[in-house]
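Asker: Sequence plus predicted model, see below.
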Amino acid sequence: MKKISIAIDGPASSGKSTVAKILAKKMHYIYCDTGAMYRALTYLAIQQNVDFENEQELATLCLEHTISFKQAEKEQLVFIDGIEVTEAIRQPNVTNAVSIVAKHAAVRNKMVEIQQEIGRLGGVVMDGRDIGTAVLPDAQVKIFLVASVEERAERRFKENQEKGITTDFDTLKKEIEHRDYLDSTREVSPLKQAADAVKIDTTGMNIEEVVLAIEEVIAAKS
Ligand code: C5P
């Protein structure tokens with residue numbers, strides 16, 4: 001069967017990466033978590049004291065360092081110049097700054113170039129904010145995943161609890177809302193449903209149900 005490209009976009013904590021990973025594994029496709037790339041750059045900027053508003057210095061960081069992935073049994077490991085940063089890029093200092101770093105055109109141009117190279121041959125499940133609109137505009141399957149902010153905050157709250165991270169639910173909810181606001185109002189490639197994307201509201205759905213719903217879309221398009 002011909003290998004297709006699957007673009008999954010949506011707001012923060014809408015479950016994109018969880019379902020994208022499962023789909024990629026089932027289909028023997030490459031999984032590409034584009035959010036992890038913006039997070040890795042943000043982590044680098046923090047380490048090197050680069051101002052989040054300094055577009056040119058951030059773009060230079062992209063050129064000077066290599067962000068790479070490795071598929072492990074349970075998760076995708078993320079590396080900067082060969083050093084693993086999988087956990088570090090999920091910490092609150094990165095999460096709360098990443099939307100500022102990701103708003104710059106020079107940064108996005110570099111990231112999109114790398115992402116398009118990864119998706120060039122198809123056989124990829126890529127998740128992010130602008131995959132269906134900017135990175136893979138010709139993807140055969142485009143999904144826009146949404147869920148109520150309450151449910152997204154609850155999912156993130158539980159995930160944090162499982163990892164032993166203590167968080168305040170209302171703070172988490174406000175942070176998610178704020179990140180969605182920044183991501184959907186920025187000038188360059190804002191978070192937006194592509195005209196030809198299928199919207200799935202996952203509020204009240206479990207992971208298996210979401211995967212099944214996407215598989216139905218894939219089957220209908222194949
Ligand atoms: O998906 P995740 O929540 O890890 O993404 C982190 C941040 O990276 C998003 O809030 C957004 O600012 C940025 N991002 C982006 N474009 C993408 C993927 C992520 O701007 N394709």
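Answerer: It's in.
Asker: Quick check: buried residues in the helix or strand hosting Leu61?
Answerer: Assigned by DSSP states H and E, Leu61 falls within helix 55-64. Neighbour counts over helix 55-64 (16 or more other C-beta atoms under 10 Å) mark 58-59, 61-62 as buried. Any C-beta I mention is one placed from the backbone N, CA and C, and that applies to glycine too.
Asker: ok so Glu150 is a strand residue?
Answerer: No: using DSSP: H, G, I helix; E, B strand; the rest coil, the assignment for Glu150 is helix, not a strand.
Asker: pLDDT weak spots in this protein?
Answerer: Applying pLDDT under 70 to the chain flags residues 1.
Asker: Show me what from it comes close to the ligand.
Answerer: Taking C-beta under 6 Å from any ligand atom as the measure of proximity, the chain contacts the ligand at 12, 34-35, 38-39, 98-99, 102, 128-131, 179, 183.
Asker: Can you report how many residues lie near the closest residue to Ile114 other than its chain neighbours?
Answerer: Nearest non-adjacent residue to Ile114, counting by C-beta to C-beta, 6 or more residues apart in numbering: Met37, 7.1 Å away. By the criterion of other C-beta atoms under 10 Å, Met37 has 24 neighbours.
Asker: Could I get the contacting residues of Met37?
Answerer: Met37 sits next to 67, 111, 114-115 when contact means C-beta atoms under 8 Å, 6 or more residues apart in numbering.
Asker: what's the answer for Pro11, then?
Answerer: By C-beta under 8 Å, 6+ apart, Pro11 lies in contact with 146, 152, 176, 179-180, 183-184, 191.
Asker: now the longest helix seen in the chain, how far from the centre of its chain.
Answerer: In terms of residue count, the longest helix belonging to the chain (DSSP state H) is helix 169-185. Centroid separation for helix 169-185 versus its chain: 15 Å, with C-alpha atoms, centre = their mean, to the nearest Å.
Asker: Toward the C-terminus, what is the element adjacent to that helix?
Answerer: Taking DSSP H and E, what comes next after helix 169-185 is strand 198-201.
Asker: what element comes up after that next one heading to the C-terminus?
Answerer: Using DSSP H and E, the helix or strand that follows strand 198-201 in sequence is helix 207-221.
Asker: Which elements pack onto that next one?
Answerer: On a contact count with 3 or more C-beta pairs under 8 Å, 6 or more residues apart in numbering; DSSP states H and E, helix 207-221 meets strand 5-9, helix 16-27, strand 141-146, strand 198-201.
Asker: hmm, back to that, CA atoms only for the host helix or strand of the residue nearest to Ile114, dumped as PDB, please.
Answerer: According to DSSP H and E, Met37 maps onto helix 34-47. Provided in PDB are the C-alpha atoms of helix 34-47 (Å, rounded to 0.1, in the frame of the first residue of the first chain):
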ATOM      1  CA  THR A  34       7.300  19.000  15.900                       C
ATOM      2  CA  GLY A  35       6.500  20.500  19.300                       C
ATOM      3  CA  ALA A  36       9.600  18.700  20.700                       C
ATOM      4  CA  MET A  37      11.700  20.600  18.100                       C
ATOM      5  CA  TYR A  38      10.500  24.000  19.300                       C
ATOM      6  CA  ARG A  39      10.800  22.800  22.900                       C
ATOM      7  CA  ALA A  40      14.400  21.700  22.300                       C
ATOM      8  CA  LEU A  41      15.300  25.100  20.800                       C
ATOM      9  CA  THR A  42      13.700  26.900  23.700                       C
ATOM     10  CA  TYR A  43      15.700  24.700  26.100                       C
ATOM     11  CA  LEU A  44      18.900  25.700  24.200                       C
ATOM     12  CA  ALA A  45      17.900  29.400  24.400                       C
ATOM     13  CA  ILE A  46      17.500  29.100  28.200                       C
ATOM     14  CA  GLN A  47      20.800  27.300  28.600                       C
END
